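Chemist: I would like the atomic coordinates for the input below:
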Amino acid sequence: MKILAMDTSNHPLSVALVEDDQLIAETTLNLAKNHSVYLMPVIEKLMAGASWQPEQLDRIVVAKGPGSYTGIRIAVTTAKTLAATLKIEMVGISSLALIAANVATINPDLLVVPFFDARRGNVFAGGFKYENNRLNNVMPEQHVSFEELLIALKQKAENVVLVGNITDVFKSQLEPFDSSKFKIAPASATVPSAYQLALLGNQETPVVDIDKFIPNYLRVTEAEAQWQKLHPGESKQSYVREV
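Modeler: The predicted structure follows:
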């Protein structure tokens, strides 16, 4: 199976071509770049380098969020367009699961908690464990304050490995907690790999209706939140129609 995998849900951009679980080509840019400008050229360059034609692809795998609103939309829109145009399979994988996969197999006894800075002291986070040769979500993905996350994790029986960017604010919030309870993954573990994304996507069932596939934002946009305040009781569909 030939897979094109892509992730632009956060700061890095990662694209890979994978065939039968073997990495053919991969590019990861951990730079402050405009993903909408760079994604397609990176895909085209990798395809040309591998001498692959679009019609040879069997599946598209995309990181579906949470993360940056704009970043998520870029990869998801690209993936949906390619999958629909080429009439091939598409799979969406959690952006948090993708990061968790970097460390989950190293020590299965640890609860792996990847997180992304969601600003204003909040994070997108979830809990994962590698069990029965699969990465499993054992703590729901959520939008929560970092401090509340730590308090909840303190109650868990397992020790925890945090995978994310520990800012000075987050570091100060960690200090009161038992250091033996929380381990911090190295910075290298916070960078997504589209190769890993393809491997995760190869295990999942494809999307049934590509048109209806939506990203996992975990929170509404500020514009939508303001609209809901002005239109109490009206559905999200009403907001979408108005926009």
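
Chemist: what ranges do the helices span in this structure?
Modeler: 35-50, 69-86, 95-100, 146-154, 168-174, 194-201, 222-230, 236-242 (DSSP state H).

Chemist: In a markdown table, list those along with mean neighbour count, mean pLDDT and distance to K212.
Modeler: In short, each C-beta sits where N, CA and C put it, glycine included. Formatted as a markdown table, those follow (neighbours: other CB atoms under 10 Å; pLDDT from 0 to 100; distance: least, CB to CB, whole Å):
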| stretch | mean neighbour count | mean pLDDT | distance to K212 |
| --- | --- | --- | --- |
| helix 35-50 | 16 | 97 | 23 |
| helix 69-86 | 19 | 97 | 10 |
| helix 95-100 | 28 | 98 | 20 |
| helix 146-154 | 17 | 96 | 31 |
| helix 168-174 | 13 | 94 | 36 |
| helix 194-201 | 25 | 98 | 18 |
| helix 222-230 | 11 | 53 | 19 |
| helix 236-242 | 11 | 44 | 13 |
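
Chemist: number of nearby residues for N132?
Modeler: Neighbours of N132 under the rule other CB atoms under 10 Å: 6.

Chemist: ok, and what's touching stretch 211-218?
Modeler: Stretch 211-218 is contacted by residues 64-66, 69, 72-73, 76, 80, 84, 90, 92, 94, 124, 141-143, 207 when judged by CB atoms under 8 Å, 6 or more residues apart in numbering.

Chemist: With distance to N216 as added columns, please give the helices of the chain in a markdown table.
Modeler: As requested, these are exported to a markdown table (distance: least, CB to CB, whole Å):
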| stretch | distance to N216 |
| --- | --- |
| helix 35-50 | 18 |
| helix 69-86 | 8 |
| helix 95-100 | 8 |
| helix 146-154 | 18 |
| helix 168-174 | 23 |
| helix 194-201 | 15 |
| helix 222-230 | 15 |
| helix 236-242 | 15 |
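
Chemist: Which one, of these, ends up nearest to A5?
Modeler: helix 194-201 (3.8 Å; CB to CB).

Chemist: thinking again about what came up before, which among the helices of the chain is found nearest to K181?
Modeler: Nearest to K181, of all the helices of the chain, is helix 146-154, at 6.6 Å by CB to CB.

Chemist: which helices and strands does that closest one pack with?
Modeler: If you count contacts as 3 or more CB pairs under 8 Å, 6 or more residues apart in numbering; DSSP states H and E, helix 146-154 packs onto strand 111-119, strand 122-131, helix 168-174.

Chemist: quick one: it to strand 111-119, angle?
Modeler: Put simply, helix 146-154 runs at 170 degrees to strand 111-119, going by axes from the mean of the first three to the mean of the last three CA atoms, to 10 degrees.

Chemist: Please report how far F146 lies from G164.
Modeler: 9 Å (CB to CB, to the nearest Å).

Chemist: Can you give me every residue that contacts V113?
Modeler: Neighbours of V113 in contact, by CB under 8 Å, 6+ apart: 100, 125-128, 139, 149, 153, 160-163.

Chemist: Which one (most neighbours) among these?
Modeler: Ranked by neighbours (other CB under 10 Å), the contacts of V113 are led by A100, which has 29 neighbours.

Chemist: wait, isn't that one in contact with R134?
Modeler: No - here A100 lies out of contact with R134, judged by CB atoms under 8 Å, at a distance of 11.9 Å.

Chemist: doesn't V18 make contact with L46?
Modeler: No - applying CB under 8 Å, one finds L46 not in contact with V18, separated by 10.8 Å.

Chemist: Packing partners of the lengthiest strand in the chain?
Modeler: In the chain, assigned by DSSP state E, the strand with the most residues is strand 134-145. Judged by 3+ CB pairs under 8 Å, 6+ apart, strand 134-145 is in contact with helix 95-100, strand 111-119, strand 122-131.
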